[in-house]
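Student: Kindly return the folded structure for what I paste below:
(one chain, ligands or ions: 1)
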Amino acid sequence: MEHNTQKTSTVGLKSCPEDLCGYLLQKHGTTVRHIYEALRGADSVLIGTHEHPDGDAIGSSLALLNVLRLQGKRVTVYMPDPAPDIYSFVPGFNELTCEKPDLSTYDVVVLLDYTKLYRTHLTEQVEQHKNTICIDHHHGNSGETKLNLIVPEAAATAHILMALFEKTDTPITRDMATCLLTGIFTDTGSFMHDSTTPEILKVASFLMSKGARLSHIAHETYQKKELPGLRIWGRALSRIITNKETGVVTSIITEQDLRECEAELDDLSGVVNMLNTLPDTKFAMLLCEYKLGKIKGSLRSEAHKGIDVSAVARRLGGGGHKLAAGFEVEGHLVKQNNVWRIVPVRKR
Ligand SMILES: [Mn+2]
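Tutor: Numbering: from 1, shown residues only. Modelled structure (predicted):
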């Protein structure tokens, strides 16, 4: 077999004979070098990510934790909310903490996949810290840290990390491969979203060759449904509201639904994608009052529909990607005269 030995642009770090995904960082050479140097020089690193962490937030954070630990550094991964149990198979899961860290005791702070600083629950501390790094693939990230590696072309933050590890000649262990593939698998909607390119499948294939088990990841994250999950899906699917004029398909989950089904917000992951499969849907929206007075909205569309749901989300104070976005609002979901409404939280 003939190998492609063409050298790609590097930053004085590794030049891969076969560029797996290092090309993602072509425009970011200086930033990549600075990130590499900052991490190399650090004895302690705090890794942060977004509230309601998803597979990419968790997989990326733990991939980086595994790398930095092997280099003998003191590393903590802080999550504003507990990571859902379905990710307990991801190596390092037991080390995730929701205990707010004191950032001044860490040499470097790395924030992953978070879009907006407030979603890390660390805004003030990050603004005061001298060595902060952002690695994210959300185009809504405005890069408020010292070193910003924002690559919207990447399918997941784990994809950017893979490129970074490739460029810095970081050996990929089996644990790291599992972390990275979990991030990529979940952020591409189990390789069904528009972001599933031939290139990302090559990355997945490489990670499998390093020991990541795709079937296991798929089973743990998507196929394994517990009773509360099935019950809450039933509620969501039984409450679909279609609007023929706008093409918007909506469903609602109240706080009472969650309690009655003994389900959590995370059990609903995937519902909004299913709503979007209805014919003639422009985009789908799931509203869930996941905690009294706190409503999370999830938006999905598909490439051929020509809708940018992140613009919708931004109008509601959120953000995300063109085809997958979200927002949070305060209020209660209440049905009045057969119409679902968001009513303000009453001050007692
Ligand atoms: Mn992501």
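
Student: Can you name the residues of the stretch 51-200 of the chain that neighbour the ion?
Tutor: Taking CB under 5 Å from the ion as the measure of proximity, the stretch 51-200 of the chain contacts the ion at 56, 113, 156-157, 187. Placement of C-beta: from N, CA and C, glycine included.

Student: ok, so of those residues, who is nearest the ion?
Tutor: Closest approach to the ion among those (CB to the ion): residue 56, at 3.3 Å.

Student: helices or strands up against the host helix or strand of residue 182?
Tutor: Using DSSP states H and E, residue 182 maps to helix 174-187. The contact analysis (3 or more CB pairs under 8 Å, 6 or more residues apart in numbering; DSSP states H and E) places helix 174-187 against helix 55-70, helix 157-167, helix 198-209, helix 214-218.

Student: can you list those in TSV and add mean neighbour count and distance to residue 235?
Tutor: Output for the helices and strands packed on helix 174-187, formatted as TSV (neighbours: other CB atoms under 10 Å; distance: least, CB to CB, whole Å):
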stretch	mean neighbour count	distance to residue 235
helix 55-70	26	23
helix 157-167	28	31
helix 198-209	17	33
helix 214-218	16	25
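
Student: Make TSV from the ones you listed and add mean pLDDT and distance to residue 103 to it.
Tutor: As requested, those are exported to TSV (pLDDT from 0 to 100; distance: least, CB to CB, whole Å):
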stretch	mean pLDDT	distance to residue 103
helix 55-70	98	16
helix 157-167	97	20
helix 198-209	97	31
helix 214-218	97	32
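
Student: so which of those gets nearest residue 24?
Tutor: Checking those against residue 24 by CB to CB gives helix 157-167 as the closest, at 4.3 Å.

Student: State which strand of this protein is the longest.
Tutor: strand 283-291 (DSSP state E).

Student: Could I get the CA-only coordinates of stretch 43-58 as PDB?
Tutor: What follows is stretch 43-58, C-alpha atoms only, in PDB (Å, rounded to 0.1, in the frame of the first residue of the first chain):
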ATOM      1  CA  ASP A  43       2.400  21.200  37.400                       C
ATOM      2  CA  SER A  44      -1.300  21.500  38.000                       C
ATOM      3  CA  VAL A  45      -4.200  21.800  35.600                       C
ATOM      4  CA  LEU A  46      -7.900  22.500  36.200                       C
ATOM      5  CA  ILE A  47     -10.200  21.200  33.500                       C
ATOM      6  CA  GLY A  48     -13.700  22.800  33.300                       C
ATOM      7  CA  THR A  49     -16.700  22.300  31.000                       C
ATOM      8  CA  HIS A  50     -20.300  23.200  30.700                       C
ATOM      9  CA  GLU A  51     -23.300  22.600  32.900                       C
ATOM     10  CA  HIS A  52     -25.400  19.600  32.100                       C
ATOM     11  CA  PRO A  53     -22.300  17.900  30.700                       C
ATOM     12  CA  ASP A  54     -22.800  15.700  27.600                       C
ATOM     13  CA  GLY A  55     -20.800  12.900  26.100                       C
ATOM     14  CA  ASP A  56     -18.400  15.300  24.400                       C
ATOM     15  CA  ALA A  57     -17.900  17.500  27.500                       C
ATOM     16  CA  ILE A  58     -17.200  14.300  29.600                       C
END
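
Student: what's the spacing between that stretch and its chain's center?
Tutor: Its chain's C-alpha centre and that of stretch 43-58 lie 9 Å apart, by CA atoms, centre = their mean, to the nearest Å.

Student: can you pull the buried residues of it?
Tutor: Neighbour-count burial for stretch 43-58, counted by 16 or more other CB atoms under 10 Å, picks out 45-50, 52-58.
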